[in-house]
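>>> Need coordinates for the below:
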Amino acid sequence: MRRTTALMTAVLGLALLFSTQTTAEEPKDKPAAEKLIGTWKLVKEAGQPVPPGLSLSVEFLKDEKLKLTIKFEKETKSIDGTWKLDGKKLTTVMKEEGKEKTETVEISKLDEKELIFKNEKGSEVVLEKKKVEKKDK
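Numbering: from 1, shown residues only. Below is the predicted model of the structure:
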């Protein structure tokens, strides 16, 4: 669980980094922060798929807050935190068991579907954005 928490913290830091990065060459492209907003699900770490029974997701909110949810078999744990994006560097701050942990990661890819970064240990982390289900009126 701690490894997963650290991984999500790194992911969040990277997402924040891309959210503030814009270029004049890509005016039609959404700013990185807008791409980051939403819920992301961990699909790979260090080239390995998520183990069966484990689910890790992180929701990036517009107010630079985040919610990390870890599910392992029948147990669920949620951790609240904040994120900040500075270029390609995503910094997350999360509180768990009264302790605050700050992690900064470097994002290598952020688009509408995928977020890829290297965590503090140098392992590549891949997250996929969950699709928002539209409700019929």
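>>> Okay, now the unreliable bits of this structure?
1-29, 133-137 (pLDDT under 70).
>>> which stretches of the protein form strands?
Using DSSP state E, the strands of the chain run over 38-45, 48-49, 54-60, 65-72, 75-86, 89-96, 99-110, 114-118, 124-129.
>>> Now tabulate those in JSON lines and tack on distance to residue 31 and mean neighbour count.
Any C-beta I mention is one placed from the backbone N, CA and C, and that applies to glycine too. Converted to JSON lines, these look like this (distance: least, Cβ to Cβ, whole Å; neighbours: other Cβ atoms under 10 Å):
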{"stretch": "strand 38-45", "distance to residue 31": "14", "mean neighbour count": "18"}
{"stretch": "strand 48-49", "distance to residue 31": "31", "mean neighbour count": "10"}
{"stretch": "strand 54-60", "distance to residue 31": "13", "mean neighbour count": "20"}
{"stretch": "strand 65-72", "distance to residue 31": "18", "mean neighbour count": "18"}
{"stretch": "strand 75-86", "distance to residue 31": "9", "mean neighbour count": "17"}
{"stretch": "strand 89-96", "distance to residue 31": "14", "mean neighbour count": "21"}
{"stretch": "strand 99-110", "distance to residue 31": "10", "mean neighbour count": "17"}
{"stretch": "strand 114-118", "distance to residue 31": "15", "mean neighbour count": "20"}
{"stretch": "strand 124-129", "distance to residue 31": "16", "mean neighbour count": "20"}
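>>> Residue 30: which of these is closest?
Nearest to residue 30, of all those, is strand 99-110, at 10.0 Å by Cβ to Cβ.
>>> how far out from the middle of the chain is the closest one?
Here the centre of mass of C-alpha atoms in strand 99-110, compared against the chain's by Cα atoms, centre = their mean, to the nearest Å, lies 8 Å away.
>>> and it, what other elements does it pack with?
helix 2-19, helix 32-36, strand 89-96, strand 114-118 (3 or more Cβ pairs under 8 Å, 6 or more residues apart in numbering; DSSP states H and E).
>>> Pairing partners for it, with directions?
Strand pairing for strand 99-110, determined by DSSP bridges: strand 89-96 (antiparallel), strand 114-118 (antiparallel).
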